[in-house]
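> sequence below, structure please.
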Amino acid sequence: MARQNVSTGGPWEAKIGYSRAVRVGQSVSVSGSTAMTPSGLVGKGDPYAQTIQTFKTIEAALQQAGASLSDVVRTRIYMADIDQWQEVGRAHGEIFGAIRPATTMVEVKRLIDPDMLVEIEADAVISA
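Predicted structure coming up:
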């Protein structure tokens, strides 16, 4: 099967050696994504806003790979403060309420930037 690497052109992709997403066959895996954009971090101090922006980043990567949010079967949510789960969960529910992928939400000690509150991975399977 052919492999398609999706890049956002971010400087860390080449330095660390990863792709924003990888498609093999009908499966797409999206790397851990945050609310960081070329203009900077969206929603500093706001877990809801960061989660919404993170899903915009994930959606753009999925689209480049020929998939959409409706193809997502699993999300993994990493949070710097699990006490903010309701705001993050509200954003997840707004995006995936009807899709209802399997998900995991865990607290981690910290993310790569102290202003980042959430990082999310997604896996999708494109319907034939």
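
> where does this structure dip in pLDDT?
For the chain, the stretches flagged by pLDDT under 70 are 128.

> helices along the chain, start to end?
Under the criterion DSSP state H, the chain contains helices at 11-16, 47-64, 85-96.

> list the buried residues in the shortest one.
So the one you mean is helix 11-16. Buried residues in helix 11-16, counted by 16 or more other Cβ atoms under 10 Å: E13. Every C-beta, even on glycine, is put in place using the N, C-alpha and C of the backbone.

> the longest one too?
Taking 16+ other Cβ under 10 Å as the neighbour-count basis, helix 47-64 is seen to contain the buried residues 47-55, 57-62, 64.

> using CSV, list the CA coordinates for it.
Output of helix 47-64 as CSV, limited to C-alpha atoms (Å, rounded to 0.1, in the frame of the first residue of the first chain):
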residue,chain,number,x,y,z
PRO,A,47,-8.8,25.2,27.3
TYR,A,48,-12.0,25.4,25.2
ALA,A,49,-10.5,27.7,22.6
GLN,A,50,-7.3,25.7,22.4
THR,A,51,-9.3,22.5,21.9
ILE,A,52,-11.4,24.1,19.1
GLN,A,53,-8.2,25.3,17.3
THR,A,54,-6.6,21.9,17.8
PHE,A,55,-9.5,20.3,16.0
LYS,A,56,-9.2,22.8,13.2
THR,A,57,-5.6,21.7,12.8
ILE,A,58,-6.6,18.1,12.8
GLU,A,59,-9.3,18.7,10.3
ALA,A,60,-6.9,20.4,7.9
ALA,A,61,-4.5,17.4,8.1
LEU,A,62,-7.3,14.9,7.6
GLN,A,63,-8.5,16.9,4.5
GLN,A,64,-5.0,16.8,3.0
